[in-house]
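In: could you work out the structure for the sequence below:
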Amino acid sequence: MNRLPQIFIQNIGQLVTVAGASQRPKTSREMDDIGIIRNGAVFIQDGIFRDVGTTKRLREKYHNKNLKIIDAAGKLALPGFVDSHTHTVFGGDRAEEFVQRIQGETYLEILKKGGGILKTVHDTRKIKFQKLVEVSRQHLDTMLFHGTTTAEIKTGYGLDINSELKILNVIHHLQKTHPMDLVATFLGAHVVPPEYQYDPDAYVELLCNMLPRVKTYATFCDTFCDEGAFGIKQSEKILKKAESLGFKLKIHTNEFKDIGGVSLAIRLRVLSADHLDNIKQRDIVKLKESDVLCVLLPGVPFFLMRDTYAPALRMIEHGLPVVLATDFNPGTCPCGSMQMIITLACLKMGMTPAQAICAATINGAHALGMANQVGSIETGKQADMIILDLVDYNQLPYYFGRNHVVMTIKHGKIVMENNQFMAVS
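Out: Model prediction:
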């Protein structure tokens with residue numbers, strides 16, 4: 001067994017640790033405290049952060065050790081991004097629909113004509129397993145290249161047992177072969193497939209029967225509780241069945257319309273409610289009394305050309321735990337860069353850069369139940385870290401449209417450096 005190298009990274013201009021929130025997510029003013037250590041350093045051993053502090057203190061402590069020394073030369077360092085909402089495994093794309101929306105058609109109009117999610121379902125059902133692995137790995141490589149070191153992946157482009165299991169097996173294969181930490185979510189309740197369009201309740205029953213078969217592969221169960229997808233009673237039936245089998249719960253809701261999904265999320269104590277673009281003030285108040293995390297996906301209204309961004313500032317002011325994620329998928333956000341999402345959160349939702357970084361790291365880790373492992377740079381945590389060619393964290397959303405990451409460390413190994421992926425044994 002090859003022992004991991006001991007790594008000492010010094011002269012980090014701003015070491016953004018986002019420390020102190022492993023037990024509960026940051027909320028309110030805490031989200032502006034991102035734990036900056038100036039002229040910072042980290043000591044990594046056996047894939048773990050063993051020490052975090054100033055370069056002066058750590059250099060004196062470790063100067064006699066046999067270390068791989070990396071000089072950050074004043075650059076910015078952050079925890080690896082945690083993307084808690086993606087749909088990374090799919091076949092084909094929907095570029096034609098992109099043009100149709102530019103020309104005036106809406107997402108729901110395209111879906112009703114058999115496009116949208118149903119188009120991707122058709123493409124994903126027919127693609128062979130190995131090809132699906134290859135294209136999905138390419139998507140993950142792009143995400144890793146832009147600084148994401150942990151991600152969730154949902155199913156939902158199969159909508160029958162064999163195709164959903166194919167997607168889950170792809171995720172399982174990638175969990176074993178890709179450097180990123182990947183978490184699987186079963187989203188069979190993404191939309192009603194064509195063969196059940198006249199009997200959606202029969203499909204809900206089928207989904208409930210699928211759940212025991214997919215439990216081996218998936219940590220979470222999710223439903224799309226919204227206009228054009230599944231109603232409250234249907235979503236509740238699926239999620240209750242999933243809970244009885246030991247799944248952790250998530251819910252898509254309020255992306256297009258408020259149909260009561262937030263109340264359902266609170267009642268079922270889901271870990272996260274995602275989208276929330278059309279949330280009402282009364283539901284923001286209700287969420288304050290719950291432990292539900294709010295996963296916001298600003299890339300979606302941006303790409304759909306809608307001005308329905310979730311009210312992030314009001315949520316933060318009310319003390320809600322806010323998370324940012326990409327929702328990377330072929331139809332409504334074909335962007336896997338958390339850097340771009342941070343920019344959108346600042347420009348379109350009014351979040352400060354510090355709040356957005358917090359929401360994309362430690363709070364994202366909470367949305368996957370992994371905050372004790374990832375999401376911050378702290379002694380004892382997994383050594384996931386990115387170095388960016390910037391000198392101040394405020395520059396991250398400011399210089400948008402570029403990839404600022406020059407080094408990515410995952411599990412204590414350098415997996416990307418200077419625009420090149422490194423061989424990982």
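In: shaky segments in this protein?
Out: Within the chain, the segments meeting pLDDT under 70 span 1-3, 423-425.
In: which residue is nearest the middle of it?
Out: Geometric centre of the chain, nearest residue: residue 83, 1.9 Å, by C-alpha atoms, centre = their mean.
In: I'd assumed residue 51 was in contact with residue 377.
Out: No. Residue 377 is beyond contact range of residue 51, at 10.8 Å (criterion: C-beta atoms under 8 Å). C-betas here are computed from N, CA, C, even on glycine.
In: what do those two both touch?
Out: The contact sets of residue 377 and residue 51 overlap at residue 42 (C-beta atoms under 8 Å, 6 or more residues apart in numbering).
In: picking that back up, mind listing what the residue nearest to the centre of the chain touches?
Out: Taking C-beta under 8 Å, 6+ apart, one finds 143, 148, 150, 151, 152, 325, 326, 328, 336, 338, 360, 364 in contact with residue 83.
In: can we see that at 6 Å?
Out: 148, 151, 325, 326, 338 (C-beta atoms under 6 Å, 6 or more residues apart in numbering).
In: what's across from the second one in the sheet?
Out: Beta-bridge partners for residue 151, by DSSP bridges, are residue 83, residue 182.
In: next, count neighbours for residue 411.
Out: Residues near residue 411, counting by other C-beta atoms under 10 Å, number 19.
In: try residue 119
Out: 21.
In: what sits closest to it if chain neighbours are left out?
Out: Closest residue to residue 119 in three dimensions, ignoring its sequence neighbours and counting by C-beta to C-beta, 6 or more residues apart in numbering: residue 94, at 6.0 Å.
In: verify the contact between that neighbour and residue 330 for me.
Out: Yes. The criterion here is C-beta atoms under 6 Å, and residue 94 meets it with residue 330 at 5.0 Å.
In: burial count for the residue nearest to residue 119?
Out: 22.
In: check the gap between it and residue 179 for me.
Out: 28 Å (C-beta to C-beta, to the nearest Å).
In: again with residue 19
Out: Distance from residue 19 to residue 179, by C-beta to C-beta: 24 Å.
In: what does residue 237 give?
Out: Computed as C-beta to C-beta, the residue 237 to residue 179 distance reads 38 Å.
In: pull out the buried members of the contacts of residue 83.
Out: Among these, those classed as buried by 16 or more other C-beta atoms under 10 Å are 148, 151, 325, 326, 338.
In: narrow the residues you listed to those in strands?
Out: Among the buried ones among the contacts of residue 83, the members found in strands (DSSP state E) are 148, 151.
In: need the buried ones among the contacts of residue 83 in CSV with distance to residue 261, can you?
Out: Putting the buried ones among the contacts of residue 83 into CSV (distance: C-beta to C-beta, whole Å) gives the following:
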residue, distance to residue 261
148, 27
151, 24
325, 17
326, 21
338, 25
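In: how many residues are close by the closest residue to residue 308 other than its chain neighbours?
Out: Ranked by C-beta to C-beta, 6+ apart and with sequence neighbours excluded, the top spatial neighbour of residue 308 is residue 277, at 4.5 Å. With neighbours defined by other C-beta under 10 Å, the count for residue 277 comes to 23.
In: same question for residue 342.
Out: Residue 342: 24 neighbours (other C-beta under 10 Å).
In: do the same with residue 57
Out: Using other C-beta under 10 Å, residue 57 has 14 other residues around it.
In: now residue 139
Out: By other C-beta under 10 Å, neighbour count at residue 139 equals 22.
In: for the stretch 301-425 of the chain, which segments count as helices?
Out: Remark: helices assigned in the stretch 301-425 of the chain by DSSP state H, counting those that start in this stretch are 312-317, 338-349, 353-360, 362-366, 395-398.
In: buried sites along the shortest one?
Out: By neighbour count, with 16+ other C-beta under 10 Å as the criterion, the buried positions of helix 395-398 are 396, 397.
In: tell me what it is packed against?
Out: Helices and strands touching helix 395-398, by 3 or more C-beta pairs under 6 Å, 6 or more residues apart in numbering; DSSP states H and E, are helix 338-349.
In: ok, 10 Å please
Out: Helix 395-398 sits against strand 76-79, helix 338-349, helix 353-360, with contacts defined as 3 or more C-beta pairs under 10 Å, 6 or more residues apart in numbering; DSSP states H and E.
In: ditto for the first one
Out: Under the contact criterion of 3+ C-beta pairs under 10 Å, 6+ apart, helix 312-317 touches helix 281-288, strand 293-296, strand 322-324, helix 338-349, helix 353-360.
In: okay, that helix in CSV with CA atoms only?
Out: Coordinates of each C-alpha in helix 312-317 appear next as CSV, following Å, rounded to 0.1, in the frame of the first residue of the first chain:
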residue,chain,number,x,y,z
ALA,A,312,-31.7,34.5,-0.6
LEU,A,313,-31.3,37.7,1.4
ARG,A,314,-34.7,37.4,3.1
MET,A,315,-33.9,33.8,3.9
ILE,A,316,-30.5,34.7,5.4
GLU,A,317,-32.1,37.6,7.4
